[in-house]
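K.L.:
need coordinates for the below:
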Amino acid sequence: MLKNQILKQYFGYDTFREGQAEMIDSILNGRDVLGIMPTGAGKSLCFQVPALVFSGITLVVSPLISLMRDQVQALVANGIPAAFINSTLSSAQTAKAIDNARNNKYKIIYAAPERLDLPEFLEFLQRSDISMVTVDEAHCVSQWGQNFRPSYLKIRDVIEKLPKRPVISAFTATATSEVKEDIIRLLSLSEPGVLITGFNRENLSFEVKKPADKYRTVITYLKENPDKSGIIYCSTRKTVEEVCSRLIGDGFNATRYHAGLTEEERTRNQDDFLYDRKAVMVATNAFGMGIDKSNVAFVIHYNMPKNLESYYQEAGRAGRDGTPAECILLYGGQDVITNQLLIDSANDRDEMEPKMLELVKEKERERLKKMTYYCHTSDCLREYILKYFGERTVGFCGNCSNCNDNFEKTDITEQAQMILSCIARLKERFGIKMVIDTLRGSKSEKVLKLGLDKIKTYGIMSGVPEKRIRDIIHYLVLQEYLLLTNSEFPVVKLAARSKEVLQDNAKLSMKMPRENEAGNSLAKAAERRRKAYGNSSSDSRIESRKTAEDPGLMKKLKELRLKIAQEKKVPAFVIFSDATLADICRRRPANLEELLEVSGIGKVKLEAYGKVLLEVINDSGGADMPQPIQTGYGLEEVCQLIINTVELTEEPVPVSMVVDKINIILLQCDFKAVSAQKLTEYLVQYGYLEIVEENGNKSRVASLKGMEAGITTIIKASHKESYKQNLYNRNAQNFLVSNIRSVLKYVYKIEG
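P.N.:
Residues are numbered from 1 along each chain as shown. Purely as a prediction, here's the structure:
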């Protein structure tokens, strides 16, 4: 079967994206390849299509369990025999999977790098026909990469032990030229075809904000975008816990993910997000690598990451299906300090020699500086990112906050001279904070003790805000008038170009926000970006999203997708992406032949879901009937839908799990979600829970009436303290679902 036939039959696409056909042809010709392609560019197809052409098995080395599971689910849904072998399988399951592979039941097998040199797995590889070894997230092999994993260094040794050398294909979303050369060398790629499709993702908008209250900025955005699903990245576990707890307390449908949780909870929380039971994931960078959730509409970085590679990879988890998405970074000065500590206290490199370890840390400090500059530049954010990865673009993208916000050029020559002079008089011994304190005439104990109040530049910028001085200093660093040392506590020093300002009277200007400009909300900024993006993009997938103005049909298609996904026990996006549903709305196919023309529907999915899709389309009025602007559900219809579809469990569960199931239906029907707090208030109001006070603490516990309905109160211990938790058995769950009309009328404050 030819590559184009495979693309259509199994994946439902008529044409390849940029670079895919070239990579596939190189692989099919037996040539090693290295693909550097941004998230969402279709790296997976580059090895999945050849895998179906080759006679043997394709082994995919993948760093995370979640990545393997998601891709295998998607492959199986497309009718492609695939499996993963990792630590989540029992020994019996692993043996069965390997036995199936030996009997040619799988074309693609995913495995973690740690498993490669285990005797039983290596024996399987040596006795099997391995046509290709694909290394996903290939930057992990490089010590200069942002996610170095020592286990990746085993890959080359394992390949050399195979009876015949397979084709080796390697893929990554982010790699500098240094990392690219490392990948080729460490994987022993033989004269590889290297394809760099470009790092630009036009559907992503970029924004850097420096808010006084980061949490307030987040909830403002979530309130203005109630129907969107997204990720909030935090730099530490503690921040994840704090942000997630506050969001839940404020009624948002959020969950959390970090390495400090049990594997069971991480899996549960990740599934809640993937299956759209939770709209917001608050996580450290431990979450997301390989997550193929197509409807992530935003990624907010609550803290600045350590480097641009990590930032672009994490931000790139938004808009994977090509639809517009927002990437917002909330910067604070403490972020730099936190990242310095994370770099200096890294404890996952015990196998490195001290000299090499210090070189790696020095490299990470340099990358941290580049990340910090990104947060301070007034130039185009997209251009800054692309320039970092070696691409050149025009200086105005029309789809980032710096291009769309109101800036004006301001002369900073005099202020720059003051700053440079102060650093010279301080003999280049201090960091940025001490320079600013001296310039502003600080009376702090440290400044006075060091005698900095005696130098001539002390206090000469006392009327200038600290933020403005800091912005000018960062600009001077960016333009190479100053430099920062690569040390644990960076010191600011004069660079060679400083003479141009201090001695040659060179004029300097930089873009600054206009004075007295209040600025627009995130929602208004997003609207500006959408307009700019819509005017400049030629991506057909995005155009299909923009022209699919049929919310009634879209809603029904999402309901059908959710129903199928629940039956199949897979995330909704595995069945169809939002982009596919939008293309259905745009085309409104009238028969199976026309449905096969929809992007993302191949023959396998056509056979499985074609008839039910056409039924939904026809029920929405047929191909020629005009559609209403908004159909919507009434309260009675929603209540009946909840009663008919919410699944009850035998084991007692917390009220939050009941609420989640109800909210899945409410949100699909464009109703406001119900919070666990509101449902608890309802139960107190009607006497199923009662408030008790012990040692000054109030708790809501099951009353006699509540216990009769199936609510039980238990005592749980946490951090040397105990607290009460209410659990709801099947009868209690049934009571809540059966009385959902009364609950919603209470929550929505509906009379009568």
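K.L.:
surely residue 401 and residue 210 touch.
P.N.:
No - the pair residue 401 / residue 210 is not scored as a contact, 10.9 Å apart, by Cβ atoms under 8 Å. Just so you know, the C-beta spots here come from the backbone N, C-alpha and C atoms, and that holds for glycine as well.
K.L.:
all strands for the stretch 451-600 of the chain, in order.
P.N.:
482-484, 492-494, 509-513 (DSSP state E, counting those that start in this stretch).
K.L.:
same thing with the stretch 251-400 of the chain?
P.N.:
254-257, 280-283, 296-301, 325-330.
K.L.:
hey, which of these is tucked in deepest?
P.N.:
strand 280-283 (a mean of 27; mean count of other Cβ atoms under 10 Å).
K.L.:
and that strand, which strands flank it?
P.N.:
Applying DSSP bridges, strand 280-283 is found paired with strand 229-233 (parallel), strand 254-257 (parallel).
K.L.:
more crowded one of residue 401 and residue 210?
P.N.:
Taking neighbours as other Cβ atoms under 10 Å, residue 401 and residue 210 compare with residue 401 leading, 20 against 15.
K.L.:
for that one, what are its contacts?
P.N.:
206-209, 381, 525 (Cβ atoms under 8 Å, 6 or more residues apart in numbering).
K.L.:
try 6 Å this time
P.N.:
Applying Cβ atoms under 6 Å, 6 or more residues apart in numbering, we find residue 401 in contact with residue 207.
K.L.:
same question for the one 10 residues further on.
P.N.:
Contacts of residue 411 were listed using Cβ under 6 Å, 6+ apart, and they are residue 509.
K.L.:
what comes into contact with stretch 143-158?
P.N.:
Contacts of stretch 143-158 (Cβ under 6 Å, 6+ apart): 61, 113-114, 116-117, 139-141, 178-179, 187-188, 307, 309-310, 351, 360, 363.
K.L.:
and that stretch, what's buried?
P.N.:
By 16 or more other Cβ atoms under 10 Å, the buried positions in stretch 143-158 come out as 143-156, 158.
K.L.:
of the residues you listed, closest to residue 4?
P.N.:
residue 155 (30.9 Å; Cβ to Cβ).
K.L.:
how much space is there between that closest one and residue 447?
P.N.:
Residue 155 is 54 Å from residue 447, where distance means Cβ to Cβ, to the nearest Å.
K.L.:
please report the distance of the residue most central in space within the chain from residue 207.
P.N.:
Centroid-nearest residue in the chain: residue 317, 3.8 Å away (criterion: Cα atoms, centre = their mean). Per Cβ to Cβ, residue 317 is found 16 Å from residue 207.
K.L.:
and for residue 96?
P.N.:
49 Å.
K.L.:
neighbour count: these two, which is higher?
P.N.:
More neighbours surround residue 207 than the other of residue 96 and residue 207, with 21 against 13 (other Cβ under 10 Å).
K.L.:
OK, contacts around that one?
P.N.:
328, 401.
K.L.:
pretty sure it sits in a strand.
P.N.:
Yes - per DSSP: H, G, I helix; E, B strand; the rest coil, residue 207 lies within a strand segment.
K.L.:
give me the pLDDT value at it.
P.N.:
Per-residue confidence (pLDDT) for residue 207: 94.
K.L.:
please name the bridge partners of it.
P.N.:
With DSSP bridges as the rule, residue 207 is bridged to residue 328.
K.L.:
related to what we said a few turns ago, any chance of the strands of the stretch 251-400 of the chain in TSV, plus distance to residue 484?
P.N.:
Below are these laid out as TSV (distance: least, Cβ to Cβ, whole Å):
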stretch	distance to residue 484
strand 254-257	33
strand 280-283	30
strand 296-301	22
strand 325-330	20
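K.L.:
residue 662: which of those is closest?
P.N.:
Nearest of the strands of the stretch 251-400 of the chain (Cβ to Cβ): strand 254-257, 16.3 Å.
K.L.:
got the CA positions of the closest one in CSV?
P.N.:
Taking C-alpha atoms only, strand 254-257 is exported to CSV below (Å, rounded to 0.1, in the frame of the first residue of the first chain):
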residue,chain,number,x,y,z
ALA,A,254,-9.5,22.0,38.1
THR,A,255,-7.2,19.2,39.0
ARG,A,256,-3.4,18.8,39.6
TYR,A,257,-0.3,16.9,38.6
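K.L.:
among the strands of the stretch 451-600 of the chain, which is the most enclosed?
P.N.:
strand 482-484 (a mean of 22).
K.L.:
and the gap between the nearest residue to residue 338 once chain neighbours are set aside and residue 581?
P.N.:
Distance criterion Cβ to Cβ, 6 or more residues apart in numbering; nearest residue to residue 338, sequence neighbours excluded, is residue 235 at 5.3 Å. To residue 581, residue 235 is 35 Å away according to Cβ to Cβ.
K.L.:
quick one, which of those two is more surrounded?
P.N.:
Between residue 235 and residue 581, residue 581 has the larger neighbour count (other Cβ under 10 Å), namely 27 against 21.
K.L.:
the more buried one is in contact with residue 555, isn't it?
P.N.:
No - at 10.0 Å, residue 581 and residue 555 do not qualify as touching, with contact defined as Cβ atoms under 6 Å.
K.L.:
would you map out the domains in this protein?
P.N.:
3-196, 204-404, 412-506, 540-619, 635-747 (automatic domain parsing).
K.L.:
doesn't the residue nearest to residue 338 lie inside a strand?
P.N.:
No - using three-state DSSP, the secondary structure at residue 235 is coil, not a strand.
K.L.:
tell me which residues are up against stretch 429-447.
P.N.:
422-423, 452, 458-459, 461-462, 466, 469, 473, 489-492.
K.L.:
what is the nearest of these to residue 223?
P.N.:
residue 466 (30.6 Å).
K.L.:
what's the neighbour count on that closest one?
P.N.:
15.
K.L.:
which residues touch it?
P.N.:
residue 436.
K.L.:
what's the spacing between it and residue 472?
P.N.:
From residue 466 to residue 472 the distance is 11 Å (Cβ to Cβ).
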